[in-house]
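Asks: sequence isn't available, so here's the structure alone:
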Ligand code: PCA
């Protein structure tokens, strides 16, 4: 068939726009370039680029620079971007299955976090499929610890503090402790503390060190109350449109990224705690009284969780606990 002039014109335009017929995908992420999750995603992008000979490239927009964190999932869903990362338990309001990894004292070590992910993954994959999204890889943060000014001896010491929160569960936790929760995204932590918007937080040593917590806080306690995860999702239709070899390259790179990400997390958990100490933060073990008080808060949160959780979400918790016993 002889191509019509308009078809030639259209083909010429496409060629001019992408001389290598390469595809470039915008990839929004919530966390900064100093965070290992972002670095892991950069490596994922390099792996895909190498495996596809530059056929599929990613432009990573870190620290919520393209879409604010709360809009990333929706942006992937509506195909404004084909791929994105978010904090999994940020979705706890959508389904209790998402919240389990921010539920205090459910999974407190990497081993438990991994087992919890194995129980969550099939259910979460199905939930996201209903929205046209496919999970690619999930990576845990180091266990979450308590940052304050001065030592916290019992839960009562948290009473009245303006407490930085990153999801609904941390908000609930702060409220149960008598503190006043304020939602602040990780890249905004330094400013929120320096302007007095917040005065305490629970997060990883990674985020504490990246925020230079020593500039505005004096004490850190590794309460290790939960080990939450990030998730990278792709829009299923965007994925399906890729040539098969590129689809395979994405899946292979995702599998490698999940393994590498957990290793990066485990490797830096201690090093980042040391960095806090080296910069003048007092690192102290929580007292038995503090731990039991926190556990009590966790028990109350789990009661609330049970009231709202679907059968599928409850089955995750049962499967996780069965696998551990
Ligand atoms: N850092 C992120 C999520 C969990 C963590 O360790 C944050 O504080 O927002």
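Replies: Perfect, I can see it now. Here the structure is a predicted model, which means the values were calculated and not measured.

Asks: the ligand contacts on the stretch 151-300 of the chain?
Replies: 166, 186, 203, 204, 206, 207, 228 (C-beta under 6 Å from any ligand atom). Where you see a C-beta, it was placed from the backbone N, CA and C, and this is true even at glycine.

Asks: who's in contact with the residue in the chain positioned nearest to the ligand?
Replies: Distances from the chain to the ligand, computed as C-beta to the nearest ligand atom, single out residue 204 as the nearest residue at 3.0 Å. Taking C-beta atoms under 8 Å, 6 or more residues apart in numbering as the contact definition, residue 204 lies against 141, 142, 143, 144, 145, 269, 272.

Asks: go again using 10 Å as the cut-off
Replies: Neighbour list for residue 204: 35-36, 140-145, 186, 210, 222, 227-228, 265, 268-269, 272-273 [criterion: C-beta atoms under 10 Å, 6 or more residues apart in numbering].

Asks: what of residue 305?
Replies: Residues in contact with residue 305 (C-beta under 10 Å, 6+ apart) are 92, 96, 99, 100, 103, 106, 169, 172, 298, 313, 314, 317.

Asks: list the buried residues of stretch 116-134.
Replies: Along stretch 116-134, the positions that meet the burial threshold by neighbour count (16 or more other C-beta atoms under 10 Å) are 116, 117, 119, 120, 123, 124, 127, 128, 131, 132, 133, 134.

Asks: now those residues in a markdown table, with distance to the ligand and secondary structure?
Replies: Formatted as a markdown table, the entries for the buried residues of stretch 116-134 read as follows, by distance: C-beta to the nearest ligand atom, whole Å; DSSP: H, G, I helix; E, B strand; the rest coil:
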| residue | distance to the ligand | secondary structure |
| --- | --- | --- |
| 116 | 15 | helix |
| 117 | 15 | helix |
| 119 | 20 | helix |
| 120 | 17 | helix |
| 123 | 22 | helix |
| 124 | 18 | helix |
| 127 | 21 | helix |
| 128 | 20 | helix |
| 131 | 22 | coil |
| 132 | 26 | coil |
| 133 | 20 | strand |
| 134 | 23 | strand |
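
Asks: averaged pLDDT, stretch 139-148. What do you get?
Replies: Rounded to a whole number, the mean pLDDT of stretch 139-148 is 98.

Asks: and the helices in this structure, which stretches?
Replies: For the chain, the helices defined by DSSP state H occupy 5-17, 36-51, 69-77, 96-99, 110-129, 168-176, 189-194, 205-210, 236-240, 244-278, 288-308, 311-324.

Asks: what does the last one contact?
Replies: When contacts are taken as C-beta under 10 Å, 6+ apart, the neighbours of helix 311-324 outside the stretch itself are 95-100, 103, 106-107, 111-112, 115-124, 126-127, 302, 305-306, 309-310.

Asks: may I see the buried residues of it?
Replies: Buried residues in helix 311-324, counted by 16+ other C-beta under 10 Å: 313, 316, 317, 319, 320.
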